[in-house]
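Q: take a look and give me a structure for this.
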Amino acid sequence: MKMEAGMGRISKAIKLKLQELRIDDIFKEGILKYKGLLSNEDSNQNTNEDSNNEELEKKVSDNSSLDIVNNFEDNKGLEDSKKEVEEKKQQIEDDYEHDLIKNAEQDIKVSNQENMSKESRVEEDNLDCNGVKENIGENGVHNTYKKENGEKINTSKKSNQTLKPIKINETMMQYFEWYYPCDGSLWNKVKENSKELSDVGITALWLPPACKAADGIYDAGYGLYDLYDLGEFDQKGTVRTKYGTKDEYLKAIDEAHKNNIKIYGDVVFNHKGGADESEIVSARPVASNNRNEFVGDKRDIRAHTIFNFPGRANKYSEYKWTANDFDGVDFDDITKEQGIFKFEGKEWEKDVDLENGNYDFLMFADLDMDSLYVVDELKRWGEWYLEQTNVDGFRLDAIKHIRFDFFYEWLNNLRKDSNKDLFAVGEYWTHDVNSLEYYMDRCKNSMSLFDAPLHFNFHNASNSFGFFDMRTLIDNTFLKINPDKAVTFVDNHDTQLGQSLESWVQPWFKPLAYTFILTRKEGYPCVFYGDYYGIPEMNFEGIKDELDIILKVRKNYAYGTQHDYIDNYSIIGWTREGDNEHENSGLAAVITVSYGGTKRMYVGFQHRGEVWKDATKQSKDSVIIDENGCGIFRVFDGSYSLWIKEN
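A: Numbers count the residues shown, from 1 in each chain. Here you go, the predicted structure:
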């Protein structure tokens, strides 16, 4: 979370937009030149490919380890007895379920591991159709909460939740972007679009902060002023917030629930802005790049730290905030100096991110999370907010700046009090996956985390002019080390053009990135409003049509065992076998950062003889799944393809 940048950032954003367009042009131009120079070589390769395919089919027929029953009879080096082999064979004949076939195949591979020759592998494009790899981790929805000792919390108390059990893959959408109009229309838009979003496969909405913020209707919500004003009181020159009134907010949540969509509220606890009054406080300035280093003497400053909330008149809470509830500010109203001023008698919280020496302080008046009064008031607000809104979980803002064990305590209190399995995802902005891993340990795995390192990989790939090793796409990511707690995303309100954390994924690569996070089994994917509906402020139209297709593929087809083919520099792919609960499910996905091509991949023995088509309709090919459950799937230059059973 970062506040909006000044006008200087806008001009930079325009330059980057032009650069982005140029990147697309250069990429396409490079592809055309490549095709022109290597047309003869391609022709020769195609000829060789036809002959190679015949050899491949023969090898698959003769040696495929996927032909389970034949392997029981033909593999002489098996140490299993004949009786055991016959039992396994009979088991397969009695029950043709695919999971039993895979288990039998695994038994064969283990017992015959040393005798199995390299020639039994079938390779194309350096990929093994038979030696399929399975990933660890399921599409976690992270809704089971346990006490520290492992005992499940008693949920016998009736909950206010009205949602039905979700039988499809869960998908979150961040339902706002930074430049959304200040016309108070967002809550109503949520209400109007809930059914359409549900139909396409969205199961949860992360909504922006609903509380009154310092700049009134012009504030995106992160300059938090009054937690208890959800657009109900005349404060900061307005009753409504940027997004609408409290009544509209509650109606939007209710309508979303009617369409079986969960709502995650955005919680901003790090700071407060827009104080009602100021007071004299003894403080010392510290260095911006090392908050542990003083750069001036102790002096009296006038700090904006008194929050009386006169417009609310003590409704819901009588708590008044003063300098005792904060440990520093970013402005001295006596000298009109901007900086970081640490209050005398206060200490920065110890267990926070170590960037800038100690990254407790971020902006405005920084809450003192070592104060029991502050912690108790935030707990009371959480209980009130949950009772008022009936939200299903939270997006937690700027957690790297807040004492790392705070949210374990806060969430634990709410989950016990409400008897709800409240989902939570934290925003910890870093390139370093080790920092995320450490935070999870300190918060006792009480939440999920946004996978910022994966976003940076997408960003780098999209700006690489095709020179990105796609085999490393998930290297150093939270998805790789903790897939059940990773919330994956492509862009958000902080990374979009013109913002202080700008790291915009180029539009040509966005469908590839969304194919990756939406059709694989790991992680909980989040779709960005700006990518879906566009960002008019930056002349970005969005990719709604492309996303609707990928979302529907996720909703209907992305189920079952996953097999990875991520071992080529440019072209990577994966498949899902499907399951019995979702009719016709199963898919094959291929994406490339550079030149197109094909991949031979295993989609499941049970799909033999089926005809598969590209759901994106970029390729007109039909792929017939062969007798070994494999198919050859095409992808075009700098693009993606999603193959599903033809209906």
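Q: got the contact list for the closest residue to Leu250 other than its chain neighbours?
A: Distances taken as CB to CB, 6 or more residues apart in numbering place Thr389 nearest to Leu250, at 6.5 Å, with adjacent residues excluded. Where C-beta positions appear, they are placed from N, C-alpha and C, glycine not excepted. Shown in contact with Thr389 (CB atoms under 8 Å, 6 or more residues apart in numbering): 210, 230, 249-250, 253, 263, 265.
Q: next, give me the two most distant ones among those.
A: Across the contacts of Thr389, no pair lies farther apart than Leu230 and Ile263, at 13.1 Å, counting by CB to CB.
Q: look up how far Leu414 lies from the residue nearest to Leu250.
A: Distance of Thr389 to Leu414, given as CB to CB, to the nearest Å: 12 Å.
Q: do the same with Thr335
A: As judged by CB to CB, Thr335 and Leu414 stand 42 Å apart.
Q: and Tyr557, how far is that from Pro536?
A: Distance of Tyr557 to Pro536, computed by CB to CB: 33 Å.
Q: the two: who's more crowded?
A: Tyr557 (24 against 14; other CB atoms under 10 Å).
Q: for Glu255, what are its contacts?
A: Contacts of Glu255 by CB under 8 Å, 6+ apart are 190-191, 194.
Q: could you give the bridge partners of the spatially most central residue of the chain?
A: By CA atoms, centre = their mean, the chain has its centre lying nearest to Thr488, at 1.9 Å. Taking DSSP bridges as the rule, Thr488 bridges to Pro525.
Q: wait, it touches Leu479, no?
A: Yes. Thr488 lies in contact with Leu479 (CB atoms under 8 Å); the separation is 6.0 Å.
Q: intersection of neighbour lists for those two?
A: Joint contacts of Thr488 and Leu479 (CB under 8 Å, 6+ apart) are 451, 454, 523.
Q: please tell me I have it right and the last one contacts Ile517.
A: What it means is Gly523. Yes. Gly523 lies in contact with Ile517 (CB under 8 Å); the separation is 6.3 Å.
Q: who touches both of these two?
A: Thr488.
Q: let me see the confidence value for Ser500.
A: On the pLDDT scale, Ser500 is placed at 86.
Q: ok, it - how many residues close by?
A: With other CB under 10 Å as criterion, Ser500 counts 13.
Q: now it: how far from Ile624?
A: According to CB to CB, Ser500 and Ile624 sit 52 Å apart.
Q: now swap in Val329 and tell me
A: Val329 is 68 Å from Ile624, by CB to CB.
Q: these two - which one has more neighbours?
A: Val329 (30 against 11).
Q: returning to that earlier point: counting neighbours, go ahead and name the busier of Thr335 and Leu414.
A: Leu414 (19 against 11).
Q: how confident was the prediction at the nearest residue to Val603 once chain neighbours are set aside?
A: The shortest distance from Val603 to any non-neighbouring residue, by CB to CB, 6+ apart, is to Thr575 (4.7 Å). At Thr575, the pLDDT value in this model is 98.
Q: what's the first helix or strand after the strand or helix carrying Lys599?
A: Here Lys599 sits within strand 597-602, counting by DSSP states H and E. Downstream of strand 597-602, the next assigned helix or strand under DSSP H and E is strand 611-614.
Q: other SSEs contacting that following strand?
A: The contact analysis (3 or more CB pairs under 8 Å, 6 or more residues apart in numbering; DSSP states H and E) places strand 611-614 against strand 622-624, strand 630-635, strand 640-645.
Q: surely Pro165 is within a helix?
A: No. Checked against DSSP: H, G, I helix; E, B strand; the rest coil, Pro165 lies outside a helix; its state is coil.
Q: what's the distance between it and Asn260?
A: 9 Å.
Q: those two - which one has more neighbours?
A: Asn260 (18 against 5).
Q: could you check the pLDDT of that one?
A: pLDDT, read off for Asn260, is 97.
Q: same question, the one 10 residues further on
A: At Asn270 the predicted local confidence, pLDDT, stands at 98.
Q: tell me how many other residues surround the closest residue to it other than its chain neighbours.
A: Nearest non-adjacent residue to Asn270, counting by CB to CB, 6+ apart: Ala398, 4.4 Å away. Counted with other CB under 10 Å, the neighbours of Ala398 add up to 22.
Q: mind listing what's buried in the strand ranked longest in the chain?
A: The residue-count maximum for a strand in the chain (DSSP state E) belongs to strand 277-287. Buried residues in strand 277-287, counted by 16 or more other CB atoms under 10 Å: 278, 281, 283-286.
Q: can you check stretch 363-380 too?
A: For stretch 363-380, by 16+ other CB under 10 Å, it's 363-370, 374-375, 377-378, 380.
Q: same check, this time on stretch 421-432
A: So, applying 16+ other CB under 10 Å, buried residues of stretch 421-432: 421-430.
Q: now, the residues you listed that are in helices?
A: Using DSSP state H, no member of those falls within helices.
Q: return the member of those nearest to Ser570.
A: So of those, ranked by how close each gets to Ser570 (CB to CB), first place is Thr430, at 28.3 Å.
Q: skip the chain neighbours and tell me the closest residue to the closest one.
A: Closest to Thr430 by CB to CB, 6+ apart is Ala452, at 5.9 Å.
Q: the one you found and Leu207, how far apart?
A: The value you get for Ala452 to Leu207, if CB to CB is used, is 21 Å.
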